Structure formats: structure tokens, C-alpha cells
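J.: Structural data only, the sequence is not supplied:
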């Protein structure tokens, strides 16, 4: 069953563009924008990454860390980050274990052909490690801005509950 709002976000450990391993639990106490995408250097994934880049400073001011995950290897992430000036973490999941945990791996269709691959999906995780918002189908253009808007609303609601 797919993860839903209120569920604990499953912890994981994945390498970044330099091979350093990061765990989701390392970011406990902060808001996390965890986004899954199919492939570095492709048009849609580049648009989405650039949108997160363009809103990164504002997301950081809101106390959020942005983490992108795809099946690409660390070396490809390094090139993607450098080419587009991406200031956030990109984690490698070539065996798609984390993609599967977060329901971001499965059947896809393109040009009448069916295959398995990474799905574009985003989660906002609260400082206590629970899923606060799920974006099950993401359109790359404007996604970073939408996440920023929703994060602000979630933080306000979270503050009222505390």
C-alpha cells in the first residue's frame, strides 16, 4: 500500500554524488522535501531540478532540506549537479530499493511500450519523520514553487498544532 499522510517515512541510506552515504534519519528535526525522478540530464528531470534550484534558498529559509533520488549512479549525479548548479543532495538508488519503498518505481508507458522505471513523485516529511504531503503525479514545471507554497502552509498548520 502506498505511503500516506501521517505515515512514518521509511528510513534509508543512499550515496550522494561523491559516494558519501546519507540517511533520511540524519535530517530528523528538519522538514524534508524528498523527490523521486527518472533520470539525470533528461528534459523533464532537468526542468524539475532547476525549479527546485531556483527555489532552494527560500526552501532553506523555511528550514527544509531538498533531496532528489533517482536510479542514476553517483558519477552521473555529480555531472548533473555541476552542469545545472544544483545546490541540493542527489542520491543514487540503482537497485531501486528506496524508489520501491516510496512507491516511486513501477510500470510505465511511453510511446505505446510498457516497462518498469522510476516515477516522478514527491513527499514532504515533517520534522518528526512523518509524511506531511504526497504528490503522487508531478508535472516538472513549477513543482518547486508549488512545494514551497505547500511547505509554508504545512508549517503554519504544524505550528498551530504544537
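T.: Received it, and whenever you're ready, just let me know what you need. None of the values given here were measured: they were computed from a predicted structure.

J.: Every contact and neighbour count from this point should use C-alpha atoms.
T.: Will do.

J.: Stretch 70-78: which residues count as buried?
T.: Buried residues in stretch 70-78, counted by 16 or more other C-alpha atoms under 10 Å: 70, 71, 72, 73, 74, 76, 77, 78.

J.: farthest-separated two in those residues?
T.: 71 and 78 (13.5 Å; C-alpha to C-alpha).

J.: Among the buried residues of stretch 70-78, which lie within strands?
T.: residue 70 (DSSP state E).

J.: Please identify which of the buried residues of stretch 70-78 is nearest to residue 97.
T.: residue 71 (9.5 Å).

J.: Nearest residue to the closest one in space, ignoring adjacent ones along the chain?
T.: Distance criterion C-alpha to C-alpha, 6 or more residues apart in numbering; nearest residue to residue 71, sequence neighbours excluded, is residue 94 at 4.1 Å.

J.: for residue 109, phi and psi?
T.: Main-chain dihedrals, residue 109, degrees, to the nearest 10: phi -130, psi 140.

J.: Any chance you could spot the residue sitting in the middle of this protein?
T.: residue 35 (1.4 Å; C-alpha atoms, centre = their mean).

J.: So in terms of bridging, what pairs with that one?
T.: Beta-bridge partners recorded for residue 35 (DSSP bridges): residue 68, residue 122.

J.: quick one on the thing from earlier: which strand or helix spans the residue nearest to residue 71?
T.: Per DSSP states H and E, residue 94 falls between elements, in no helix or strand.

J.: does the closest residue to residue 109 other than its chain neighbours have beta-bridge partners, and which?
T.: With sequence-adjacent residues excluded and distances taken as C-alpha to C-alpha, 6+ apart, residue 109 is closest to residue 115, at 6.4 Å. Partner residues in beta bridges with residue 115, using DSSP bridges, are residue 108.
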